[in-house]
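Undergrad: got a predicted structure here, sequence first:
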Amino acid sequence: MEFSLIHQIGETAETLPELEELQNIRERLVSSCSRLHNLLMRIYQSQPTAPDDILELVYRSIAQTQASLNVSIASLLDIQRNWN
């Protein structure tokens, strides 16, 4: 979406807030994926059984990622409506 916005309209004063929001969305989602990846690596290293505290962190991280994803999708749809 960021690529399309830049190429269709350009980086202008009007598009800058949306471009920054797209950057923030990307950073939040990458952070969430990275956190999940690190937790899964800890589970892998603790085989054959994963400690309960790590599993609890995984469950919380999944819930936070889902919430962040829902907010991100809503923001993306708003940005798309504004520029289409």
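TA: That came in fine, so what should we check first? Residues are numbered from 1 along each chain as shown.
Undergrad: so in the protein, which helix runs the longest?
TA: helix 52-83 (DSSP state H).
Undergrad: tell me what it is packed against?
TA: Applying 3 or more CB pairs under 8 Å, 6 or more residues apart in numbering; DSSP states H and E, one finds that helix 52-83 contacts helix 2-8, helix 16-45. The way it works is simple: take the backbone N, C-alpha and C, and place the C-beta from them, glycine included.
Undergrad: how does it look with 7 Å?
TA: Here helix 52-83 touches helix 16-45, going by 3 or more CB pairs under 7 Å, 6 or more residues apart in numbering; DSSP states H and E.
Undergrad: still on that earlier bit, okay, the angle between the longest helix of the chain and helix 16-45?
TA: Compare the direction of helix 52-83 with that of helix 16-45 by axes from the mean of the first three to the mean of the last three CA atoms, to 10 degrees and you get 160 degrees.
Undergrad: check which residues of helix 52-83 are buried.
TA: By 16 or more other CB atoms under 10 Å, the buried positions in helix 52-83 come out as 57-58, 61, 65, 72, 75, 79.
Undergrad: can you tell me how far the nearest residue in space to Ser46 that is not next to it in sequence is from Leu69?
TA: In this structure, Ser46 finds its nearest non-sequential neighbour in Ile54, 6.9 Å apart by CB to CB, 6 or more residues apart in numbering. Look at Ile54 and Leu69: by CB to CB, to the nearest Å, they are 22 Å apart.
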